[in-house]
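Asks: Mind folding the following:
(2 chains)
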Amino acid sequence: MIVQALAFYLFAGIVLASGVMVISSKNPVHSVLFLILAFFNAAGLFVLLGAEFLAMLLVVVYVGAVAVLFLFVVMMLDINFVELRQGFLQYLPIGGLVGLILLIEVLAIVGAWHFAPEAAKAIQVAAPAVGSEITNTQALGLVLYTDYVYVFQAAGLILLVAMVGAIVLTHRRRPGVLSQRVPDQIARRAEESAKTVKVPTGGGI
Amino acid sequence: MTSAEFPNLVPAMPELFIACVAMVLLVLGVFQKEGAGKTIAFLSTITLALAMLILVAFSQGTVTTFNGLFIADQYSAFAKFLILLGSLLTLVMSQSYLKRVDSNKFEYSILILLSTLGMMMMVSANDLLSLYVGLELQSLSLYILAAFRRDDLKSSEAGVKYFVLGALASGMLLYGSSMIYGFTGTTNFDALAQQFQNADGHVSVGLVVGIVFMLAGLAFKISAVPFHMWTPDVYEGAPTPVTAYFAVAPKIAAVALLMRVMIGPFGELVSQWQQIIVFISIGSMLLGAFAAIAQTNIKRMMAYSSIGHIGFALIGIAVGNQAGVQAVLVYLAIYLFMNVGTFACILCMTRNGESVENISDLAGLGKSNPAMAAVLAIFMFSMAGIPPLAGFFGKLYVFLAAIEAGMFTLAIIGVLASVVGAFYYIRIIKVMYFDESTEAFDAPIGKDMVAILAGTGFVILMFFAYPAPILDSAGAAAASLFAG
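Replies: Model (predicted):
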């Protein structure tokens, strides 16, 4: 138990610290890198909860795709973050208000647990016991490819349409662009491209 | 480990066929360099025709499959037949236009196929999940089709507008679905209907809020007031054949879906949603009638006209009984023929290879092309609801259903809106026959267009003589919706 608690505090601490760093670091690239760190540690928290599939998803989708995309956007757009931050004080009251509301809501949840202990049990039902026979991934796979195969395939078709759309609307065939054609290059023979000419002395070609 | 049962694929045969063929054609199109657009369009047309055959051949009473996510009954078969017919006709109509504007890419036909598939999944949905994926498949393809002429500013604008507002509507629909799931614990239509039957009319406020959100999302898809704002801009901006497609197949699919959701799972809660439908129905009829008067662009006018027509169709849903559903289905079938015909005429409005879209451009058509003017006049009279054309009967059945159910206000407002609407339909006829003639349109218009104009015109003209096929199948379809 003590190992678990230690791991929890380690992950949670790093998530919070890197979250703060995301919004406070001067260099936007550093922000994105801290965001990735936060994602990784959140994934660690999921593993502690016994939701290893979600953890995997978080790493694959958020770190693998979303964060890298952010990184590209930040590097390509060359946004001036100093300018963006100029209105900070101006927006502080409204930001503070939102933060305050969130704090009250969190307190309300914690208060509910404190005053009604049975409420805490309700949220535990959803999570399978750690170490049970069937893992998350298996459990999902069991219904995804059987009971919900229709929706699964339909979702695949939707993605296909998205891909077709992206290509139709953006792909242009530009004329006059030189490209390397490897088979043509390999198939080229010396006889076709060079010819030996006997040049008579003093005659020239 | 238990092995799951293999789902029964027979009820979903037309959908599976279209999905597989669409993917094969996609590969074929990529590997065919020259003239892929024409070949794939031809093959897609055949695919849609074959899907109609398969649909008729494999329909076998009410069956659910895929773990209750999918339902095939006579109701869905009727709606699917209309959808396939609409897609088929618009695909045929598109060819000359696409060739003219030089954007005959093969993806056009593939997207039509996939959106048709999405619509068929919508009308066969028996679960909030399958409803959503079907709707998304349809919408996503339509967003792309709206922006298909990507070098055209208006087309891109239409695509972006449609996408942003459509995504918002999908969000509302999903939010509503999540509320319904949260308050009932199920997404299956049969289970939902069962619960409401047991609840005996007592439902929580949260559930009603969920239904309202779902209605809002679906009202957007059928462009009913107050969620109609996108329609005129998108109709005007999108390439004309795509506009024709928008006006026909997706509308039919969304209305059919709305009916299935409202009559099926929420049938017991008629008192909860009836007033909403009545409200959006009156709003759509009035807006469709009045806003179209000021239009000079014929595509925009058709957009308002379609809003108005949806208002009339919604009367039948508001009635909420079998006669109402039958009336809506008949209305949709007639609406399909009228709209396809009218848009075929609009597609023929070209001068020196350029499309013209103003109503004033039609001036003198009665002299320069009497045949086309006559056909367009038939469609306009039909839309206005002049007997003995089909449009009159469409409205008649809807109003009859409303009067029999004692909803007199709705019927009276409907008749009044129809009278106002007649003004702008008949104005087109006046422009064609009595205005100073301008330059004639390009001729000839092509064999496929002639065939479509003649066919749809014939149906509209002759419906009164032999209405039985449409009436009977719509009646059987409505009965199957209420039997389940």
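Asks: Alongside chain A, which residues does the stretch 151-300 of chain B contribute?
Replies: B:G159 (CB under 8 Å from any CB of the partner chain). C-beta: built from backbone N, CA, C; applies to glycine.
Asks: In the stretch 151-300 of chain B, which residue sits closest to chain A?
Replies: Residue of the stretch 151-300 of chain B nearest chain A, by CB to the nearest CB: B:G159 (7.9 Å).
Asks: my read is that residue is in a helix, agree?
Replies: Yes. Counting by DSSP: H, G, I helix; E, B strand; the rest coil, B:G159 falls inside a helix.
Asks: and it, what does it touch?
Replies: Residues near B:G159 by CB atoms under 8 Å, 6 or more residues apart in numbering or on different chains: A:L169, B:Y143, B:I144, B:A146, B:A147, B:F148, B:G237, B:A238.
Asks: For chain A, what lies in contact range of chain B?
Replies: By the rule CB under 8 Å from any CB, the part of chain A lying against chain B is A:142, A:145-151, A:153-155, A:157-158, A:160-162, A:164-165, A:167-170.
Asks: How far away from the center of its chain is stretch B:471-481?
Replies: 18 Å (CA atoms, centre = their mean, to the nearest Å).
Asks: export that stretch as CSV, just CAs?
Replies: Provided in CSV are the C-alpha atoms of stretch B:471-481 (Å, rounded to 0.1, in the frame of the first residue of the first chain):
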residue,chain,number,x,y,z
LEU,B,471,-50.5,5.6,-51.3
ASP,B,472,-50.5,1.8,-50.5
SER,B,473,-46.8,1.5,-49.9
ALA,B,474,-46.8,4.6,-47.7
GLY,B,475,-49.8,3.2,-45.8
ALA,B,476,-48.0,-0.2,-45.3
ALA,B,477,-44.9,1.7,-44.2
ALA,B,478,-46.8,3.8,-41.7
ALA,B,479,-48.5,0.7,-40.3
SER,B,480,-45.2,-1.0,-39.8
LEU,B,481,-43.9,2.0,-37.8
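Asks: Show me which residues of it are buried.
Replies: B:L471, B:S473, B:A474, B:G475, B:A476, B:A477, B:A478, B:A479, B:S480, B:L481 (16 or more other CB atoms under 10 Å in any protein chain shown).
Asks: Among those, which one sits closest to B:F183?
Replies: Nearest to B:F183, judged by CB to CB, of the buried residues of stretch B:471-481 is B:L481 at 24.4 Å.
Asks: which helices and strands does the strand or helix carrying the closest one pack with?
Replies: In the assignment (DSSP states H and E), B:L481 maps to helix B:468-483. Contacts defined by 3 or more CB pairs under 8 Å, 6 or more residues apart in numbering or on different chains; DSSP states H and E place helix B:468-483 against helix B:74-101, helix B:240-263, helix B:322-347.
Asks: contacting residues around residue 54?
Replies: Using chain A. A:L54 makes contact with A:A43, A:F46, A:N136, according to CB under 8 Å, 6+ apart.
Asks: The intended chain is chain B.
Replies: Neighbours of B:I54 in contact, by CB under 8 Å, 6+ apart: B:M13, B:P14, B:F17.
Asks: which one of those sits closest to B:I413?
Replies: Of all the contacts of B:I54, B:I413 sits closest to B:P14, with 38.5 Å by CB to CB.
Asks: Now do the contacts for the closest one.
Replies: If you count contacts by CB under 8 Å, 6+ apart, then B:P14 has B:A51, B:M52, B:I54, B:L55, B:F58, B:K80, B:L84, B:M120 around it.
Asks: Which of those residues fall in helices?
Replies: B:A51, B:M52, B:I54, B:L55, B:F58, B:K80, B:L84, B:M120 (DSSP state H).
Asks: With respect to pLDDT, which of the residues you listed ranks lowest?
Replies: Checked by pLDDT, the ones in helices among the contacts of B:P14 have B:F58 as the lowest-scoring entry (87).
Asks: Next up, the contacts around B:E15.
Replies: So B:E15 contacts B:L117, B:M120, B:M121, B:S124 (CB under 8 Å, 6+ apart).
Asks: what does the average pLDDT come to for the helix or strand encompassing it?
Replies: Assigned by DSSP H and E, B:E15 falls within helix B:13-31. Rounded to a whole number, the mean pLDDT of helix B:13-31 is 94.
Asks: next one: stretch A:78-97
Replies: Rounded mean pLDDT across stretch A:78-97 is 76.
Asks: for stretch B:471-484, same thing?
Replies: Mean predicted confidence for stretch B:471-484 is 88.
Asks: Need the residues that contact that stretch.
Replies: With contact meaning CB under 8 Å, 6+ apart, stretch B:471-484 is reached by B:62, B:71, B:73-75, B:77-79, B:190, B:259-260, B:263-264, B:322-323, B:325-326, B:329-330, B:333.
Asks: helices or strands up against the longest helix along chain A?
Replies: Among the segments of chain A that qualify as a helix by DSSP H, the longest is helix A:88-115. Applying 3+ CB pairs under 8 Å, 6+ apart, we find helix A:88-115 packed against helix A:117-125.
Asks: If you count neighbours, what's buried in the next helix or strand after the helix it packs on?
Replies: As assigned by DSSP H and E, the chain's next helix or strand after helix A:117-125 is helix A:136-144. For helix A:136-144, a neighbour-count test (16+ other CB under 10 Å) marks A:N136 as buried.
Asks: Give me the angle between the helix holding B:L481 and helix B:322-347.
Replies: 130 degrees (axes from the mean of the first three to the mean of the last three CA atoms, to 10 degrees).
Asks: gap between helix B:468-483 and the chain center?
Replies: 18 Å.
Asks: Report the contact partners of B:A12.
Replies: Contacts of B:A12 by CB under 8 Å, 6+ apart are A:Y150, B:T65, B:F66, B:F70, B:A72, B:S124.
Asks: Model confidence at the fourth one, what's the number?
Replies: Per-residue confidence (pLDDT) for B:F70: 94.
Asks: What is the burial count for it?
Replies: Residues within reach of B:F70, counting by other CB atoms under 10 Å in any protein chain shown, total 25.
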